[in-house]
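K.L.:
show me how the following folds:
(2 chains)
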Amino acid sequence: MKSIAIIGAGIAGLSAASDLSKKGHKVYLIEKNVEIGGHVAQWDRLFPSQKEAKIVVDELVKNLNNRAEVLANSEVQHCEKKDNKFELILTGNKNLLVDTILVTTGFDTFRAQRKEEYGYGIYENVITSADLEQLFKKHNVVCKTGNPPKRVAFVHCVGSRDEKVGNRHCSKVCCVTAVKQACEIKELYPDCEVYNLYMDLRMFDRHFEDMYHEAQSKYHVNFIRGRLSEAGENKDHQVVLKTEDTLAGKPLKLTVDLLVLMIGMEACHSQKSLNAKLGVRSDTDGFLSTKDIFTQNNFSNTDGVFFAGTCTGPKTIPETFADARAAASLVNAYLMS
Amino acid sequence: MKIEGKKQIWKEYQKEIPDNDFFYVRSCIRQNLFPASEVIFLKILREELGKNVYETPHHTTCGGIGYHSDIVPLETVMTIIARQFALMTEAGFENYACSCITSFGLYSEIIETWNHFPELLEKTRKSLKDATGREFNIPKTLSHASDVIYKLRNEIAEKAKYKLINKHTGKPLKVVEHIGCHYSKMFPNKGVGGAEFPYVLQGMIESWGGEIVDYPERRHCCGFGFRQYLIQANRGYSLANTHKKFESMEPFEPDMIITNCPGCPFFLDRWQYVIAETEGKCYGAKGQGIPVFTYEEVAGMVLGYDPWDLGLQVHQIAVEPLLDKIGIPYNPETKYQGLNGKDLGEPEFPSNIRCC
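P.N.:
Reported below is the predicted structural model:
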């Protein structure tokens, strides 16, 4: 029986673990957190169908059917290649000897505190898109006062396409997530005024444009082309925004009850130390560097080490699944060769 | 407002501030606007705290006003600044401390430029040598004078006779702070606390018993903005900026304003009078204004100096209501007497803003 260590039990890791274990391989699924499911497990509903994120993760776990050995709360401390096998030492000195490694470490969300001018962690009613999903899950989308918001603004591209914070890349999913969340706010509170402050809307995938259209025609969400320059807090703990409507060519001041920062994806902060252990490398944007961006997107430069999911760059959930399935197929071919 | 979030940011913006042996340079305009502030800085450091501060009458303007008005070219400014540094070098000092925020911003900008373009540094060295025969070292530390007072704030607090507390209520005074655009907006890491949530003035106020008021337009320009005021036709912009700030801070009912820039206290102080005269609007309690201070003046107040020795009688907004709140004694009879007892004459009183 061949064996694989999959590093990261998000949706890419779970999907690949399921595929490879069905092929009869021994799969170790290493997860640094206590819970599996990655970022998706923290989400409430998913674009474009509004399917519950929990159902998606539950389906993956069900497909896995306990065929993989899940090593939660574990991290790779050491890795060495010996005679075409990889010897791994995990937290707690657990040793593994495997034939191949699949890296599915995913991404970290941007630390919104780094955009100091937006006041996250300082102003009471500034939250992130990830925080809002938690509020949706708890059915408790309210301001700090406990009152429902009467006016909400979403700021796109927080930590994405922003040279000041060192992230030039687009995170792909934030635009459509903002549209989704804006509509969800309107579903909860039809009288709430909702504003989306964007650079440009990247509705690139199937159904995205329909969502954007519906946000305007059905939910009357306001879209303003302009980035937020700064946020302040007034005496009532409302958030006072200074922005610009670049289409109208006018500066704009907006007072909202809740400000939602659409935080982007960044390469996993622990990736660099893992790279050194696995003998792989990252690109200038921090995401993992593949053997060939077109034809060998799941291959690393180290024979026997493969990549899947958002560790090689921002992806939507369907793209992540497609990538994970492709990687599983390539890993299987490698093991059988 | 979550103070823990601010503390996280403050941790990231700490700078090296020496606690002794300063080469001190004054501002071009502060002595006219707030005549005692620089003298009080020297008195506090030398007489209260026993520090070594050197200043020379040979220093000049840094060229900042001309530079920011597009009158003086960059190369000239570099050479002017090189001459200032030469005076420091000749006096045997390494810690440069300046009174003016614009100078501080400009010194930071020039040193940073020299770091990135060493050929400009060499060119400046040659220009200075050719013109004056002088040579210079770049300062080991560059501090704004408010950095120095911030560094020594707890020593000042230990010697303080008064606290920034309302003696009638026992509550901390609510203080608005305004750091001035050139302090850290250009180089956030050069200022204590950075640019978005600066700590330099807040640290002083906390040490001296007061409480900072945060308000939405806290970061906005005071209204000086150089071109907004220096060009007469633009002065409406200057007034509009100041008006915007006061409208924003008014709901928080601040007791006073502390500043660390030459222009900011002037505009925040004088434009209150103009707004009151033109609009009939006053932002303080009981038809009064909100008094505006330099950080040296506030340090002098808590140390118990005579308010008239601090030059508080030349403020547009009367300071007596605040002195009464804190419990600082003053003699109304000597308010308009010069240091030698000479009668300076009483100003004309405003019609719409109460003085006491």
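
K.L.:
for the residue of the stretch 151-300 of chain A at minimum distance from chain B, which non-adjacent residue is spatially closest?
P.N.:
Closest to chain B within the stretch 151-300 of chain A is A:Gly232: 3.2 Å, counting by Cβ to the nearest Cβ. C-beta coordinates here come from the backbone N, C-alpha and C atoms, glycine included. Spatial nearest neighbour of A:Gly232, chain neighbours left out: B:Pro216 (3.2 Å); criterion: Cβ to Cβ, 6 or more residues apart in numbering or on different chains.

K.L.:
so where is the stretch 251-356 of chain B shaky, pLDDT-wise?
P.N.:
Nowhere does the stretch 251-356 of chain B drop to pLDDT under 70.

K.L.:
now it against chain A: closest residue?
P.N.:
Here the stretch 251-356 of chain B gets closest to chain A at one residue, B:Pro251, 4.5 Å apart by Cβ to the nearest Cβ.

K.L.:
just checking, that residue touches A:Glu233?
P.N.:
No - contact criterion Cβ atoms under 8 Å: B:Pro251 and A:Glu233 do not qualify, at 11.6 Å.

K.L.:
which one's more surrounded, these two?
P.N.:
The neighbour comparison of B:Pro251 against A:Glu233 (other Cβ atoms under 10 Å in any protein chain shown) goes to A:Glu233, with 21 against 13.

K.L.:
correct me, but the more buried one touches B:Arg218?
P.N.:
No - judged on Cβ under 8 Å, A:Glu233 makes no contact with B:Arg218 at a distance of 9.6 Å.

K.L.:
identify the residues contacting the closest residue to B:Gly304 other than its chain neighbours.
P.N.:
Leaving aside its chain neighbours, B:Gly304 sits nearest to B:Lys161 (3.4 Å; criterion: Cβ to Cβ, 6+ apart). Applying Cβ atoms under 8 Å, 6 or more residues apart in numbering or on different chains, we find B:Lys161 in contact with B:Val302, B:Leu303, B:Gly304.

K.L.:
OK, contacts around the last one?
P.N.:
Applying Cβ under 8 Å, 6+ apart, we find B:Gly304 in contact with B:Ala160, B:Lys161, B:Tyr162, B:Ile328.

K.L.:
what about the third one, distance to chain A?
P.N.:
Taken as Cβ to the nearest Cβ, to the nearest Å, the spacing of B:Tyr162 relative to chain A amounts to 28 Å.

K.L.:
going along the chain, name the helices of the stretch 251-356 of chain B.
P.N.:
Ranges of helices in the stretch 251-356 of chain B, per DSSP state H, counting those that start in this stretch, are B:263-279, B:295-302, B:320-326.

K.L.:
looking at the ones you listed, which is buried most?
P.N.:
Each of these was given a mean neighbour count from mean count of other Cβ atoms under 10 Å in any protein chain shown, and the largest, a mean of 26, is that of helix B:295-302.

K.L.:
how far is that one from where the chain is centred?
P.N.:
Here helix B:295-302 is found 11 Å from its chain centre; the criterion is Cα atoms, centre = their mean, to the nearest Å.

K.L.:
now do that helix against helix B:263-279, angle only.
P.N.:
Helix B:295-302 and helix B:263-279 are oriented at 90 degrees to each other (axes from the mean of the first three to the mean of the last three Cα atoms, to 10 degrees).

K.L.:
elements contacting helix B:295-302?
P.N.:
helix B:37-43, helix B:145-151, helix B:153-159, helix B:200-207, strand B:256-259 (3 or more Cβ pairs under 8 Å, 6 or more residues apart in numbering or on different chains; DSSP states H and E).

K.L.:
tell me where the longest helix sits in chain A.
P.N.:
Among the segments of chain A that qualify as a helix by DSSP state H, the longest is helix A:317-336.

K.L.:
for that helix, buried residues please.
P.N.:
Within helix A:317-336, the residues that count as buried by 16 or more other Cβ atoms under 10 Å in any protein chain shown are A:317, A:319-321, A:323-325, A:327-328, A:330-332, A:334-335.

K.L.:
now tabulate those residues in JSON lines and tack on pLDDT and distance to chain B.
P.N.:
JSON lines is the format used below for the buried residues of helix A:317-336 (pLDDT from 0 to 100; distance: Cβ to the nearest Cβ, whole Å):
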{"residue": "A:Ile317", "pLDDT": "97", "distance to chain B": "32"}
{"residue": "A:Glu319", "pLDDT": "97", "distance to chain B": "35"}
{"residue": "A:Thr320", "pLDDT": "98", "distance to chain B": "32"}
{"residue": "A:Phe321", "pLDDT": "98", "distance to chain B": "37"}
{"residue": "A:Asp323", "pLDDT": "98", "distance to chain B": "36"}
{"residue": "A:Ala324", "pLDDT": "98", "distance to chain B": "36"}
{"residue": "A:Arg325", "pLDDT": "98", "distance to chain B": "41"}
{"residue": "A:Ala327", "pLDDT": "98", "distance to chain B": "38"}
{"residue": "A:Ala328", "pLDDT": "98", "distance to chain B": "41"}
{"residue": "A:Leu330", "pLDDT": "98", "distance to chain B": "43"}
{"residue": "A:Val331", "pLDDT": "98", "distance to chain B": "42"}
{"residue": "A:Asn332", "pLDDT": "97", "distance to chain B": "47"}
{"residue": "A:Tyr334", "pLDDT": "97", "distance to chain B": "45"}
{"residue": "A:Leu335", "pLDDT": "96", "distance to chain B": "47"}
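
K.L.:
circling back: A:Arg202: which of the helices of the stretch 251-356 of chain B is closest?
P.N.:
Closest approach to A:Arg202 among the helices of the stretch 251-356 of chain B is made by helix B:263-279 (42.1 Å; Cβ to Cβ).

K.L.:
from B:Ser143, how far off is B:Pro18?
P.N.:
Going from B:Pro18 to B:Ser143 by Cβ to Cβ, to the nearest Å gives 7 Å.

K.L.:
who has more neighbours, those two?
P.N.:
Set B:Pro18 next to B:Ser143 and count neighbours by other Cβ under 10 Å: B:Ser143 wins out with 24 against 17.

K.L.:
any idea how far the closest residue to the more buried one other than its chain neighbours is from B:Met78?
P.N.:
Leaving out its chain neighbours, the residue that sits closest to B:Ser143 by Cβ to Cβ, 6+ apart is B:Ala97, at 4.7 Å. As judged by Cβ to Cβ, B:Ala97 and B:Met78 stand 20 Å apart.

K.L.:
same question for A:Thr145.
P.N.:
54 Å.

K.L.:
comparing these two, which residue is more hemmed in?
P.N.:
Legend: neighbour count by other Cβ under 10 Å for A:Thr145 and B:Met78, higher for B:Met78 (24 against 13).

K.L.:
got the residues of the stretch 1-150 of chain B near chain A?
P.N.:
Counting by Cβ under 8 Å from any Cβ of the partner chain, the residues of the stretch 1-150 of chain B close to chain A are B:Met1, B:Lys2, B:Glu4, B:Gly5, B:Lys6, B:Gln8, B:Ile9.

K.L.:
among these, name the ones in helices.
P.N.:
Counting by DSSP H, these place B:Glu4, B:Gly5, B:Lys6, B:Gln8, B:Ile9 in helices.

K.L.:
hmm, what's the outermost residue in the chain?
P.N.:
Using chain A here. Taking Cα atoms, centre = their mean as the measure, the residue most remote from the mean C-alpha position of chain A is A:Asp83, 36.0 Å away.

K.L.:
can you look at chain B instead?
P.N.:
Distance from the C-alpha centroid of chain B, by Cα atoms, centre = their mean, peaks at B:Asp130 (35.2 Å).
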